[in-house]
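K.L.:
have a look at this prediction, sequence included:
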Amino acid sequence: MLKTDIKSLTIEELKTQLQEMGEKPFRATQIYAWLHEKQAESFAQMSNLSMALRQRLEERYALVSLEAVRMQESATDKTQKYLFRLADGNLIESVRMCYHHGNSVCISSQAGCRMGCRFCASTLDGLARNLTPSEMLEQVYAITRHTGQRVSHVVVMGTGEPLDNYDSLLRFLLLLTGEGGLHISQRNVTVSTCGIAPNICRLARERLQITLALSLHAVTDQKRRTLMPIAAKYPLEEVLAACEYYQEETGRRVTLEYSLIEGVNDRDEDAAGLAAIAGKAGFHVNLISLNPVSERGFVPPGRARVEAFQNKLEKNRINVTIRREMGRDIDGACGQLRYGHIKEKKQEA
Ligand code: SAH
C-alpha cells in the first residue's frame, strides 16, 4: 500500500481519515499539533497517543522529512543557506535571513524550474519535479528545528515557479498560515511569480492576504521576451491586468520585482517606463541588483547607477525599495547552491 503523505493533509482531512480508522476526532487535533506545531520527526515522538495508534499511523502514513546536505552561513550578515535532499534524491535549497522584524525563510516550490529565465541559475537544468505541500512546509520546519528560533516571515522566492505548482502551493499556504500549525500571518507571506497570468487571477479569487510579487525585469514585451520566455505566452498587458485584479480582490498591494542588469534594463527610459507602470496601478517596486551567475554572462550595474535608477522612480513618487544584498558570499542567487552541487556531482561521475 502506498503511504499517504500525512503532513500535506488539512486538519479536516485528517479528522475524516481518523474517523474512518475508528478513532475519535480529537486524535486528529493531537496529531496535527505534533506535525505542524511541534514539528515532530517521527510517530514515536507522539507521546500522548497509544502505542497501538502510533503503530497504525506508521503503517498508513509517510512522514516527509528533508536531509540537510550542506549549510552555509554568510560571514557578513548571518544569512544561512541550506541544501536539502528529498526522499527521492532530488536537491532543493532554502535560505534563512535575519531581519530586525524577525526571521524570514525563502523556500523553493519546485526541484528545478522550467521557466527558462535567462539570468537565473535555478532553471539551468530544467524542472525535475514539483514539490509537495509537506516538502515546502518541511523547509520552514527543518530550519526552525535547526536554529531553535521562530520563523515569522516566509517568501516563496527560491527555486521554482510557485504558480506552476498551483494546487500544492495553495495547500502549503493554508497549512502554513492556518490555525493549529505555525499560524504565520498571511500578511507575512510573499509569493513571487514570473507572471502566469491565469493563475494570478485564480490566486486573487482565493482571497488570501498574502503579498504577490511579480518579476517584471523589463517594461516592454520585446525586451521582456528576451529575458523571460514566459513573456511570449502572457504579454505585459495581460500580466499587469491580472496584478491589478489581484489588488482589487485582496486589497493587497502588489510588488514589482526588477533585477537591474547593466546595459539591458537600467537606462533612463527603463526607469521612466517602470514608473509609469507602477504609478498607474499603485504597485510597489523592489529593485534588486543582479546577482551574477557565471553561466549567464549578465552583470549588475554599479551602485551609483542603481541609486540613480531608484531616484528616478522616487521623483515620480513611486514607492521603491532596494533589496538588501544578503548572502552574496554564499551563493545567494536563486539556484546557485543547488546547481553548484549538481555540477560537482556530474564532474565526479
Ligand atoms: N519563479 C518565481 C520565484 C523565484 S525567483 C519568479 O520568477 O518570481 C525570485 C526572484 O529572483 C525573481 O524576481 C527572479 O526573477 C529573481 N532572480 C533570479 N535570478 C536572479 C539573479 N541571478 N539575480 C537577481 N535576481 C534574480
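P.N.:
That came in fine, so what should we check first?
K.L.:
surely N103 forms part of a strand?
P.N.:
Yes: when the secondary structure is assigned by DSSP: H, G, I helix; E, B strand; the rest coil, N103 falls within a strand.
K.L.:
contact partners for it?
P.N.:
By C-beta atoms under 8 Å, 6 or more residues apart in numbering, the contact set of N103 is 96-97, 147, 149-153. Heads up, the C-betas are built off the backbone N, CA and C, glycines and all.
K.L.:
and for K24?
P.N.:
Listed by C-beta under 8 Å, 6+ apart, the contact partners of K24 are L18.
K.L.:
how close does it sit to V69?
P.N.:
Here the criterion is C-beta to C-beta, to the nearest Å. By it, K24 lies 40 Å from V69.
K.L.:
V155 too?
P.N.:
22 Å.
K.L.:
the more surrounded of the two?
P.N.:
Taking other C-beta atoms under 10 Å, V155 and V69 do not tie; V155 has more neighbours (18 against 15).
K.L.:
could I get the CA-only coordinates of the host helix or strand of the more buried one as CSV?
P.N.:
In this structure, V155 sits in strand 153-156 according to DSSP states H and E. What follows is strand 153-156, C-alpha atoms only, in CSV (Å, rounded to 0.1, in the frame of the first residue of the first chain):
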residue,chain,number,x,y,z
HIS,A,153,8.1,35.5,7.5
VAL,A,154,8.1,33.2,4.6
VAL,A,155,8.8,34.1,1.0
VAL,A,156,8.2,31.7,-1.9
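K.L.:
ok, now which ones touch Q39?
P.N.:
Counting by C-beta under 8 Å, 6+ apart, Q39 touches 141, 144-145.
K.L.:
E67 contacts F84, correct?
P.N.:
Yes: at 6.5 Å, E67 counts as touching F84 under the criterion of C-beta atoms under 8 Å.
K.L.:
out of those two, which sits in the more crowded spot?
P.N.:
F84 (23 against 12).
K.L.:
what sits opposite that one in the beta ladder?
P.N.:
Each beta-bridge partner of F84 is listed here, defined by DSSP bridges: A68, I92.
K.L.:
I'd like to know how far it sits from T159.
P.N.:
Distance of F84 to T159, computed by C-beta to C-beta: 11 Å.
K.L.:
shared neighbours of these two, anything?
P.N.:
Going by C-beta under 8 Å, 6+ apart, residues that sit against F84 and also against T159 are 92-93.
K.L.:
just to revisit the earlier point, which of the contacts of N103 count as buried?
P.N.:
If you count burial by 16 or more other C-beta atoms under 10 Å, the buried members of these come out as 96-97, 151, 153.
K.L.:
turn those into a markdown table, columns for secondary structure, pLDDT and distance to the ligand.
P.N.:
As requested, the buried ones among the contacts of N103 are arranged in a markdown table below (DSSP: H, G, I helix; E, B strand; the rest coil; pLDDT from 0 to 100; distance: C-beta to the nearest ligand atom, whole Å):
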| residue | secondary structure | pLDDT | distance to the ligand |
| --- | --- | --- | --- |
| R96 | strand | 95 | 16 |
| M97 | strand | 92 | 14 |
| V151 | coil | 97 | 18 |
| H153 | strand | 97 | 15 |
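K.L.:
nearest to E295 among the residues you listed?
P.N.:
Out of the buried ones among the contacts of N103, the one with the shortest distance to E295 is M97. That distance is 24.7 Å, counting by C-beta to C-beta.
K.L.:
pretty sure that closest one sits against S104.
P.N.:
Yes: M97 is in contact with S104 according to C-beta under 8 Å; the separation is 4.8 Å.
K.L.:
A197: what's it in contact with?
P.N.:
Applying C-beta under 8 Å, 6+ apart, the residues near A197 are 234, 238-239, 241-242.
K.L.:
switch the cut-off to 10 Å
P.N.:
163, 214, 230, 233-243, 245 (C-beta atoms under 10 Å, 6 or more residues apart in numbering).
K.L.:
same question for G178.
P.N.:
Contacts of G178 by C-beta under 10 Å, 6+ apart are 10-11, 32, 36, 184, 186.
K.L.:
and the pLDDT for it?
P.N.:
What the model reports for G178 is a pLDDT of 95.
K.L.:
may I have the phi/psi pair for it?
P.N.:
G178 has phi and psi values of phi -80, psi 170 when expressed as degrees, to the nearest 10.
K.L.:
now it: how far from the ligand?
P.N.:
23 Å (C-beta to the nearest ligand atom, to the nearest Å).
K.L.:
same question, L124
P.N.:
For L124, the distance to the ligand (C-beta to the nearest ligand atom) stands at 11 Å.
K.L.:
tell me how many other residues surround that residue.
P.N.:
L124, neighbours per other C-beta under 10 Å, totals 18.
K.L.:
filter the contacts of A197 down to the ones in strands?
P.N.:
Cross-referencing these against strands under DSSP state E gives L214.
K.L.:
most neighbours among the contacts of A197, which one?
P.N.:
With neighbours set by other C-beta under 10 Å, the maximum within those is found at C243, which has 27 neighbours.
K.L.:
does stretch 225-234 reach the ligand?
P.N.:
No: among the residues of stretch 225-234, none lie within reach of the ligand under C-beta under 6 Å from any ligand atom; the closest is 7.6 Å away.
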